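> This is the structure alone, sequence omitted:
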C-alpha cells in the first residue's frame with residue numbers, strides 16, 4: 001500500500017451494518033463515505049471518485065449484481081460484493097458481473113479489510129512486473145480486443161465476452177501454450193490468494209471454452225491438462 005488515503009464507498013441499506021462498518025474502516029485509515037440505496041450510490045459516484053466500493057447485493061431499489069456490472073462499464077471502480085448468498089452460482093455470477101471479490105455475511109470486519117487491501121494492491125501500477133496489454137490479439141482465425149471485450153472471426157462473426165471471460169482470455173493470450181493452474185488464474189484475474197473462488201474457475205473456463213468453440217468449432221483452443229490446469233493451444237500475435 002502507499003501512504004495515500006484510500007477512498008471507500010460502503011453501500012448497504014441496513015444502517016446497523018453500514019455505519020459500524022464505515023467506522024471500523026476509518027479506524028484502519030480509509031476515507032469512507034456511505035450510501036443506503038442505488039440512487040444514493042449513483043449520486044455519490046457523480047460527485048466523487050472512489051478507489052473501491054463495498055456493495056451489498058440486495059438493495060431496496062436495485063440488484064447489486066447488475067449495479068456491479070454498470071459500475072464496471074461506467075467507472076471501472078473495483079467492487080467487493082457483500083451478500084448472504086453462499087451458492088457457487090451466485091459467486092460465479094458476481095465474478096461475471098465484474099466483481100473483484102465476494103464476501104458472505106456474517107463476516108469478520110478484519111477479513112473485509114484484508115480483502116480491500118488485496119484488491120487495492122492489484123490496482124497499483126506495477127510497470128516492471130505487469131505485461132503490457134496490446135490493443136488487440138490475433139490467434140488462430142480469431143481476433144480479440146481487450147478494451148471492448150469483442151471476440152471476432154476473420155470471416156466477420158463476432159460476440160462480446162463478459163468481464164471475467166475477457167480477463168481469462170487475456171491471461172491465456174499473454175501466455176500461449178503455458179499451463180495455468182486455477183490458483184494462477186485466480187491471481188491473474190480475480191484476487192491474490194482468494195480460495196473462495198477456487199472451484200468457480202473451472203466453470204468460468206468452461207464458459208470461455210464454449211464461446212471459443214462457437215466462434216471456431218473446428219479447433220479446441222482451451223485445453224485441460226488434468227491435475228494441472230489449462231492452456232491456450234494457439235499461436236498468438238499482439239497487435240498495437
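Received the coordinates, thanks. Keep in mind that what you see is a predicted model, and the values were worked out from it rather than measured. Numbers count the residues shown, from 1 in each chain.
> And for residue 74, the neighbour number?
For residue 74, the count of nearby residues is 11 (other C-beta atoms under 10 Å). Quick note: C-beta positions are derived from backbone N, CA and C, even for glycine.
> same question but for residue 41, I mixed them up
Residue 41, neighbours per other C-beta under 10 Å, totals 22.
> Which elements pack onto whichever strand or helix holds it?
In the assignment (DSSP states H and E), residue 41 maps to helix 38-47. Applying 3 or more C-beta pairs under 8 Å, 6 or more residues apart in numbering; DSSP states H and E, one finds that helix 38-47 makes contact with strand 7-11, strand 31-35, helix 64-74.
> so what strands line up beside the helix or strand following the last one?
What it means is helix 64-74. Remark: after helix 64-74, the chain's next helix or strand is strand 79-83, criterion DSSP H and E. Next to strand 79-83 in the sheet, as set by DSSP bridges, lie strand 52-56 (parallel), strand 101-104 (parallel).
> Could you give the separation of the longest helix along the chain from the chain centroid?
The longest helix of the chain (DSSP state H) is helix 200-215. Centroid displacement of helix 200-215 relative to its chain, using C-alpha atoms, centre = their mean, to the nearest Å, is 16 Å.
> mean confidence score for it?
For helix 200-215, mean pLDDT rounds to 89.
> now do stretch 26-34
92.
> one step back: enumerate the positions of the helix holding residue 41 that are buried.
Within helix 38-47, the residues scored as buried using 16 or more other C-beta atoms under 10 Å are 38, 40, 41, 42, 44, 45.
> Now do the domain split for the chain, please.
7-122, 136-239 (automatic domain parsing).
> averaging pLDDT over each of those, which comes out lowest?
Minimum mean pLDDT among the domains of the chain: domain 136-239, a mean of 84.
> what's the span of that domain, first residue to last?
Criterion C-alpha to C-alpha, to the nearest Å; first-to-last residue distance in domain 136-239 is 5 Å.
> Check stretch 122-142 too.
29 Å.
> on that earlier part again, nearest to residue 207, of the buried residues of helix 38-47?
Minimum separation from residue 207 among those (C-beta to C-beta) is found for residue 38, which lies at 27.4 Å.
> ok, now which ones touch the closest one?
Contacts here follow C-beta atoms under 8 Å, 6 or more residues apart in numbering; on that basis residue 38 touches 11, 59, 61, 62, 67.
> Next: residue 189.
Residue 189 touches 164, 167, 168, 171, counting by C-beta under 8 Å, 6+ apart.
> Which of those sits closest to residue 102?
Distances from residue 102 to the contacts of residue 189, taken by C-beta to C-beta, are shortest for residue 164, at 11.9 Å.
> That closest one against residue 205, yeah?
No - Residue 164 lies out of contact with residue 205 (C-beta atoms under 8 Å); the separation is 10.0 Å.
> Can you tell me which of the contacts of residue 38 has the most neighbours?
Busiest of the contacts of residue 38 [other C-beta under 10 Å] is residue 11, holding 25 neighbours.
> Mind listing the residues bridging to it?
residue 35, residue 55.
> any idea how far residue 45 is from it?
Between residue 11 and residue 45 the distance is 10 Å, computed by C-beta to C-beta, to the nearest Å.
> out of the strands paired with strand 79-83, nearest to residue 182?
Of the strands paired with strand 79-83, nearest to residue 182 by C-beta to C-beta is strand 101-104, at 16.1 Å.
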